[in-house]
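Peer 1: below is the sequence, then the predicted model.
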Amino acid sequence: MAITRGIATSSFQDPTPTSAPSDDIDWNLVERTAQDFAIIRLTIGRTTTDVTGLRDLRGALSEGVPIVGAYGVCGYAEPVEDGAKVLVDRAATVADPATLAFMVDAEDFGDGRHPTIGQVNRYAIQLHHDTGRWPAAYVPGWWMSKYGYSVAGLELRHCPWAQSHYFGQPWTDERLQSFKPTNLRGFDRLAWLQFASSGSLSGVATRVDLNAAYMTVSELRVLLGLSQQQGDISMDDATKAYLDTMKGDILTRINLAVQRVGGRTNSVYNNQNVDYQGLVMARDIQQLDAAAVAALVAGQLEVTGISTGAGGVVTVTFGPKA
């Protein structure tokens, strides 16, 4: 079974947010690791904002992390729905909320206070109202047990559940599989397991939360209500029109040379919302040099090879047409 790894970040990952940016998260390095999703804290309670949240959201998006999301910590001051509204509004200053995953975080505050399960439920309902999707719900089983909470009869149960259970290394796929939650505590489906809060990762100067989703990237996107399409390649109207109507030969030549690439899909040029189960097609290539595209369309170049690198990056090699 596939495993998709991801991280959750907050201002804890940037100890000096107002000082020199030497300890900022380097999202370019993070994107090169095996982490295929990042959930970034933007809000706490009704009005408090994470000082590094928007910067990190921009960074993760700009570096092409396959799934990027925003989360808010549900507070205890009423109306808690205000916090959900602020979360979506802040995320919208960076990207269309329809392109982002969302998560509600329910746990104790530093002073011991905490939201009730009913408040978490209303927070999730507000996010569903504002985004049209159920957010992931980080409502750890230990936290529910501590207060005797249950999601039975609550709309919250429809949220993909993010469980928390920490264990030591090694964090191999095989070991992660052995810790896959089987008791979903009343939730309809599992989003991921947070298996460590002290992970070490290239690009992050501090410890970081590590997560494992027991599915492919494409399957996780579907679970979170995200489109399979990540964005469109930049090209002039004439070239796009040609590719839309005459791309058959190009697609055939590229697709014949492609192999499976670890379940990661970088759908960019794609006018069909289709899940190819990790098979990287021509539409999955994230960047094509404009001059190469023009020469390929003109019949001056042909595909001479395709290779894959770390993180599922696809490299297409062109050469003069024989």
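Peer 2: Cool, got the structure.
Peer 1: can you give me the strands in this protein?
Peer 2: Assignment of strands within the chain using DSSP state E yields the ranges 4-9, 35-44, 48-49, 67-73, 101-105, 136-138, 161-164, 190-199, 208-213, 301-308, 314-320.
Peer 1: what does the third one rub up against?
Peer 2: The contact list for strand 48-49 (C-beta atoms under 8 Å, 6 or more residues apart in numbering) reads 42-43, 86, 90. C-beta here means a position set from N, CA and C on the backbone, and glycine is covered the same way.
Peer 1: the residues you listed: which two are farthest apart?
Peer 2: Maximum pairwise distance among the contacts of strand 48-49 (C-beta to C-beta): 8.1 Å, between Leu42 and Val86.
Peer 1: need the overlap of contacts for those two.
Peer 2: Common contacts of Leu42 and Val86 (C-beta under 8 Å, 6+ apart): 49, 72.
Peer 1: which of those two has more neighbours?
Peer 2: Leu42 (26 against 19; other C-beta atoms under 10 Å).
Peer 1: ok, that one - contacts?
Peer 2: Here Leu42 is in contact with 49-50, 53-54, 57, 70-72, 87, 90-91 (C-beta under 8 Å, 6+ apart).
Peer 1: circling back: so which of the strands of the chain comes closest to Thr116?
Peer 2: So among the strands of the chain, strand 101-105 is nearest, using C-beta to C-beta, at 13.3 Å.
Peer 1: by mean pLDDT, flag the weakest helix or strand of this structure.
Peer 2: helix 248-256 (a mean of 49; mean pLDDT, DSSP states H and E).
Peer 1: quick one, domains of this structure?
Peer 2: If you go by automatic domain parsing, the domain ranges for the chain are 4-223, 237-320.
Peer 1: what separation do you get for Val222 and Pro97?
Peer 2: 17 Å (C-beta to C-beta, to the nearest Å).
Peer 1: then Phe179?
Peer 2: From Phe179 to Pro97 the distance is 32 Å (C-beta to C-beta).
Peer 1: looking at those two now, which is surrounded by more residues?
Peer 2: Pro97 (19 against 15).
Peer 1: pretty sure that one contacts Thr131?
Peer 2: Yes. Using C-beta atoms under 8 Å, Pro97 is in contact with Thr131, at 5.6 Å.
Peer 1: now the common contact residues for those two.
Peer 2: Val88.
Peer 1: quick one: mean pLDDT for stretch 108-120?
Peer 2: Mean pLDDT, stretch 108-120: 96.
Peer 1: end-to-end on it?
Peer 2: 12 Å (C-alpha to C-alpha, to the nearest Å).
Peer 1: again, but for stretch 139-158
Peer 2: Across stretch 139-158, first to last residue, C-alpha to C-alpha, it's 13 Å.
Peer 1: still on that earlier bit, weakest of the domains of the chain by average pLDDT?
Peer 2: domain 237-320 (a mean of 49).
Peer 1: correct me if wrong: His165 contacts Leu193.
Peer 2: Yes. Counting by C-beta under 8 Å, Leu193 is a contact partner of His165 at 6.3 Å.
Peer 1: more neighbours: which of the two?
Peer 2: Leu193 (23 against 14).
Peer 1: picking up where we left off before, can you list the contacts of strand 48-49 in a markdown table and add distance to Val139?
Peer 2: Shown next, in a markdown table, are those (distance: C-beta to C-beta, whole Å):
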| residue | distance to Val139 |
| --- | --- |
| Leu42 | 18 |
| Thr43 | 17 |
| Val86 | 20 |
| Arg90 | 22 |
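Peer 1: is it true that Tyr76 touches Ile117?
Peer 2: No. Judged on C-beta under 8 Å, Tyr76 makes no contact with Ile117 at a distance of 11.7 Å.
Peer 1: neighbour-wise, which of these two wins?
Peer 2: Neighbours per residue (other C-beta under 10 Å) separate Tyr76 from Ile117, with Ile117 holding more: 19 against 13.
Peer 1: what are the ranges of the helices in the stretch 151-300 of the chain?
Peer 2: In the stretch 151-300 of the chain, the helices defined using DSSP state H, counting those that start in this stretch lie at 173-178, 217-223, 237-246, 248-256, 290-297.
Peer 1: any idea how many residues pack against the residue nearest to Ala212 when sequence neighbours are not counted?
Peer 2: Of all residues not flanking Ala212 in the chain, Leu176 sits nearest, at 4.7 Å (C-beta to C-beta, 6 or more residues apart in numbering). For Leu176, the neighbour count with other C-beta under 10 Å is 19.
Peer 1: now do the one 10 residues further on
Peer 2: Counted by other C-beta under 10 Å, the residues lying close to Gly186 total 15.
Peer 1: and if you look at Leu87?
Peer 2: 31.
Peer 1: begin at 9 from now on, thanks
Peer 2: In the new count, where the first residue is 9, that last one comes out as Leu95.
Peer 1: which residues touch the closest residue to it other than its chain neighbours?
Peer 2: Here the nearest residue to Leu95 in space, its sequence neighbours aside, is Gly80; by C-beta to C-beta, 6+ apart that works out to 3.8 Å. Applying C-beta under 8 Å, 6+ apart, one finds that Gly80 lies in contact with 49-52, 91-92, 94-95, 111-113, 131.
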